[in-house]
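Undergrad: no FASTA, just this:
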């Protein structure tokens, strides 16, 4: 199965290498970004320890930037200044 996945990923020419693990990682990351509880992800991946799941799942840079843009204190200061004018 991993060889088949590796072949398909290579043929897709997406600039990544990988196998089934790439799909597991992507699934876990997307589920986490979309609000899934990490404990459910842990069960789906079959990890005994939550620490393993926390390492395995990564929040994408895109999502980190979105959260930063939405919550950074400078944004509220800028909006407050605009509302005063």
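TA: Done, it's in. Values in this document were obtained by computation on a predicted structure and should not be read as measured data.
Undergrad: phi, psi for the residue nearest to residue 10 when sequence neighbours are not counted please.
TA: Spatial nearest neighbour of residue 10, chain neighbours left out: residue 17 (7.1 Å); criterion: CB to CB, 6 or more residues apart in numbering. Bear in mind the C-beta positions are built from the backbone N, C-alpha and C, glycine included. Per-residue torsions, residue 17: phi -120, psi 160 (degrees, to the nearest 10).
Undergrad: residues contacting stretch 8-24, please?
TA: Stretch 8-24 is touched from outside by 1-3, 5-6, 45, 56, with contacts defined as CB atoms under 8 Å, 6 or more residues apart in numbering.
Undergrad: that one: which residues count as buried?
TA: Across stretch 8-24, burial judged by 16 or more other CB atoms under 10 Å covers 9, 18-19, 24.
Undergrad: then stretch 34-53?
TA: 41-42, 45, 47, 53.
Undergrad: burial of residue 57, as a residue count?
TA: 21 (other CB atoms under 10 Å).
Undergrad: circling back: closest one of the contacts of stretch 8-24 to residue 64?
TA: Closest approach to residue 64 among those (CB to CB): residue 56, at 17.2 Å.
Undergrad: and whatever helix or strand residue 25 lives in, how far from the chain's centre?
TA: Per DSSP states H and E: residue 25 is located in helix 20-33. Put simply, helix 20-33 sits 7 Å off its chain's centre (CA atoms, centre = their mean, to the nearest Å).
Undergrad: next structured bit after it?
TA: helix 38-45.
Undergrad: who does that following helix touch, helix- and strand-wise?
TA: helix 20-33, helix 50-56 (3 or more CB pairs under 8 Å, 6 or more residues apart in numbering; DSSP states H and E).
Undergrad: can you tell which of these is closest to residue 74?
TA: Closest among the helices and strands packed on helix 38-45, using CB to CB: helix 20-33, at 23.9 Å.
Undergrad: how about a markdown table for the helices and strands packed on helix 38-45, with distance to residue 68 and mean pLDDT added?
TA: Converted to a markdown table, the helices and strands packed on helix 38-45 look like this (distance: least, CB to CB, whole Å; pLDDT from 0 to 100):
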| stretch | distance to residue 68 | mean pLDDT |
| --- | --- | --- |
| helix 20-33 | 14 | 85 |
| helix 50-56 | 20 | 86 |
